[in-house]
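Enquirer: the following comprises the amino acid sequence and a computationally predicted model.
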Amino acid sequence: MTRYSVEPDPASRTAKSRGSHLRVHYKHCREIAHHINGLPVKKALKFMDDVLAFKQIVPFRRYTGGIGHHAQAKQHKSPGNKGRWPVKATKVVKDLVSNAVSNAETKGLDVDLLYVSHAQCNRAPPGRRRTYRAHGRIGKYASQPAHIEFIVTEKKEGVDKADDEDGEGPKRIRISRKEAARRRFVKVGGGTK
């Protein structure tokens, strides 16, 4: 069994999936994972389908050097309207999220209530190759693979706030700080009346 960077408490209803040494650009994977973190699973999968169809764009927020400006990036309020459509990385991330959903189904979780509670991307050791340069020199030609992990969690049912009209609990009257201080103050001496 592999270690995850975050271990959810056993009581929470979660499912996990991860991939190591994946031959996709780390920077692309980081931006996709950062964008879908916290989204409901169905919304995240729809987003990735739209990216593959070039209907939505992946906003680039950290690795923005040399990234072009696109009108689609305005939808996500991306800094400088920067974004790309990284097809290969999107396919890999989509497969991992789908795998996490399948793991959740196997555990008996409700798929409609799942959301991406943890999405992380780390650099993997570069794949080293060589390229041939001018004047007989040799240069490096490295790939930048990635380790990716996802944890999907079942959303808990919310608890409605109790109304004070039901008669449960004491009635609260809001008072100012000044009034509270005045009530704490004990009068000493009576004076003459």
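Expert: Great, that's in hand. It should be emphasised that the depicted structure is a prediction, and the values quoted were computed from it without experimental measurement.

Enquirer: what's near enough to touch the residue most central in space within the chain?
Expert: The residue lying closest to the centre of the chain (CA atoms, centre = their mean) is Asn37, at 1.8 Å. Contact partners of Asn37, counting by CB atoms under 8 Å, 6 or more residues apart in numbering, are 116, 118-119. For every residue, glycine as well, the C-beta is placed using N, CA and C.

Enquirer: which of those has the most neighbours?
Expert: Ala119 (25 neighbours; other CB atoms under 10 Å).

Enquirer: sec struct for that residue, please.
Expert: Of the three states, Ala119 takes strand under DSSP: H, G, I helix; E, B strand; the rest coil.

Enquirer: how about it, what does it touch?
Expert: 33-34, 36-37, 148-151.

Enquirer: just the helices in this protein please.
Expert: 26-36, 41-52, 87-107, 177-184 (DSSP state H).

Enquirer: deepest in the core, which of those helices is it.
Expert: Ranked by average neighbour count under the criterion mean count of other CB atoms under 10 Å, the helices of the chain are headed by helix 26-36 at a mean of 23.

Enquirer: quick one: that one to helix 41-52, angle?
Expert: Calculated by axes from the mean of the first three to the mean of the last three CA atoms, to 10 degrees, helix 26-36 forms an angle of 140 degrees with helix 41-52.

Enquirer: for helix 26-36, give the mean pLDDT please.
Expert: In this model, helix 26-36 has a mean pLDDT of 96.

Enquirer: what comes into contact with that helix?
Expert: 22, 44, 47-48, 51, 58-63, 76, 84, 86, 88-90, 92-93, 97, 116, 119-124, 144-146, 148, 150.

Enquirer: show me where this structure has strands.
Expert: Using DSSP state E, the strands found in the chain span residues 14-22, 58-59, 83-84, 114-123, 127-132, 138-143, 146-154.

Enquirer: what helices or strands is the last one leaning on?
Expert: This means strand 146-154. strand 14-22, helix 26-36, helix 87-107, strand 114-123 (3 or more CB pairs under 8 Å, 6 or more residues apart in numbering; DSSP states H and E).
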